[in-house]
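In: Got a predicted structure here, sequence first:
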Amino acid sequence: MNKVRIYRTRSCPYCRRAETLLKKHGVKKMEIIDVGVNRKLWAAMEKETRRNTVPQIFIGNVHVGGFDDLAALDKKGKLESLLNK
């Protein structure tokens with residue numbers, strides 16, 4: 001299974017939804033980067049993703065985007081194959 005990395009904040013409901021969806025697909029371990037109060041981590045996330053919202057999700061080397069992007073992959077039936085590449 002591909003490595004999953006998520007930039008998130010603790011208070012973000014979409015971050016929790018993303019984690020729940022990934023767990024539903026069998027992801028047991030995720031690298032969670034909490035950018036909530038750390039300006040340096042937030043800046044690093046923005047530089048890497050060119051976005052300033054959370055969550056920002058990576059599966060392997062692919063930047064999936066946010067929760068809506070993750071859910072769209074799931075709806076199209078493409079999430080499972082990306083996780084298992």
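Out: Cool, got the structure.

In: can you give me the helices for the chain?
Out: Assigned by DSSP state H, the helices in the chain fall at 13-24, 39-49, 67-75, 79-83.

In: now the ones you listed as CSV including distance to residue 3?
Out: In short, each C-beta sits where N, CA and C put it, glycine included. Shown next, in CSV, are those (distance: least, CB to CB, whole Å):
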stretch, distance to residue 3
helix 13-24, 12
helix 39-49, 15
helix 67-75, 15
helix 79-83, 10
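
In: Now mean pLDDT, distance to residue 59 and mean neighbour count too, for the ones you listed, in CSV please.
Out: Compiled in CSV, those are given as follows (pLDDT from 0 to 100; distance: least, CB to CB, whole Å; neighbours: other CB atoms under 10 Å):
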stretch, mean pLDDT, distance to residue 59, mean neighbour count
helix 13-24, 97, 9, 16
helix 39-49, 96, 13, 13
helix 67-75, 98, 9, 16
helix 79-83, 95, 5, 15
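
In: Determine which residue lies closest to the centroid of the protein.
Out: Geometric centre of the chain, nearest residue: residue 57, 2.2 Å, by CA atoms, centre = their mean.

In: Return the residues in contact with it.
Out: 4, 5, 6, 7, 18, 63, 64, 65, 66, 67, 69, 70 (CB atoms under 8 Å, 6 or more residues apart in numbering).

In: Could you report the neighbour count for the closest residue in space to it that isn't next to it in sequence?
Out: Once flanking residues are discounted, residue 57 sits nearest to residue 64: 4.4 Å by CB to CB, 6 or more residues apart in numbering. For residue 64, the neighbour count with other CB atoms under 10 Å is 20.
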